[in-house]
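Peer 1: Okay, sequence plus prediction incoming.
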Amino acid sequence: MKKQDKVLAVQELTEKLKTAKSVVIADYRGLKVSQISDLRNAVKKAGGEIMVVKNTLVTRALTEAKLPIPQDALKGPTAITLSFEDEIAPIKAIQNYIKLNALPAFKAGIWNNAIITAADLEKLAGLPQKNELIAKLLGQLSAPMQNLLYVLTANQQKLVFVLSQLKGVNN
């Protein structure tokens, strides 16, 4: 790679890192080209982007983006996943792919300008989807109102039931 190409690659990666909500660093060793392509498609559907970049270029881009540099993770073959829409969805996509193929392996990540471990990434991948969490929250918020409505209408329902029983006895 020529020096000018490297400079452009670092600039492009720096801009993407600045807009990314989360970053995952993984070891893609052992994946075939078709598998990497499948993984890229899965991550893209989840609102992210996966790239294979030289470790030195990643280090420079992280420095320019003023993000922490996980030095231990930037050894060996490295694939970088950037999340642009939902912070967790691309991580889940990678975790699902790992369950099916046992590859790639999480190395580290960057979340809220802090380095997180592979174990932390697995925990994040286990969280429910954003829409599911919102639905649960709305259910929890609406439950007291539904219970109040039930209590307020229970006496009226009992009265109607008693009156209908009395009507049946009188006939």
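Peer 2: Nice, thanks for sending it over. Numbering: from 1, shown residues only.
Peer 1: and the residue nearest to Asn55 when sequence neighbours are not counted, what pLDDT?
Peer 2: Once flanking residues are discounted, Asn55 sits nearest to Leu74: 4.3 Å by C-beta to C-beta, 6 or more residues apart in numbering. Glycine gets a C-beta too; all of them are placed from N, C-alpha and C. Turning to Leu74, the model gives it a pLDDT of 90.
Peer 1: what's the burial count for Leu74?
Peer 2: 19 (other C-beta atoms under 10 Å).
Peer 1: where's it relative to Thr56, distance?
Peer 2: 8 Å (C-beta to C-beta, to the nearest Å).
Peer 1: Repeat that for Asp72.
Peer 2: Taken as C-beta to C-beta, the span from Asp72 to Thr56 is 15 Å.
Peer 1: Now the strand or helix carrying Asp5: buried residues?
Peer 2: Assessed by DSSP states H and E, Asp5 sits inside helix 3-19. By neighbour count on 16 or more other C-beta atoms under 10 Å, the buried set for helix 3-19 is Ala9, Val10, Leu13, Thr14, Lys16, Leu17.
Peer 1: so what pLDDT did Thr153 get?
Peer 2: The predicted local distance difference test score for Thr153 is 84.
Peer 1: Likewise for Ala89?
Peer 2: According to the model, Ala89 carries a pLDDT of 90.
Peer 1: Any idea how many residues pack against it?
Peer 2: Ala89, neighbours per other C-beta under 10 Å, totals 20.
Peer 1: Hmm, it is touching Gly47, no?
Peer 2: Yes. Using C-beta atoms under 8 Å, Ala89 is in contact with Gly47, at 5.4 Å.
Peer 1: Next, count neighbours for Lys123.
Peer 2: Neighbour tally, Lys123, other C-beta under 10 Å: 12.
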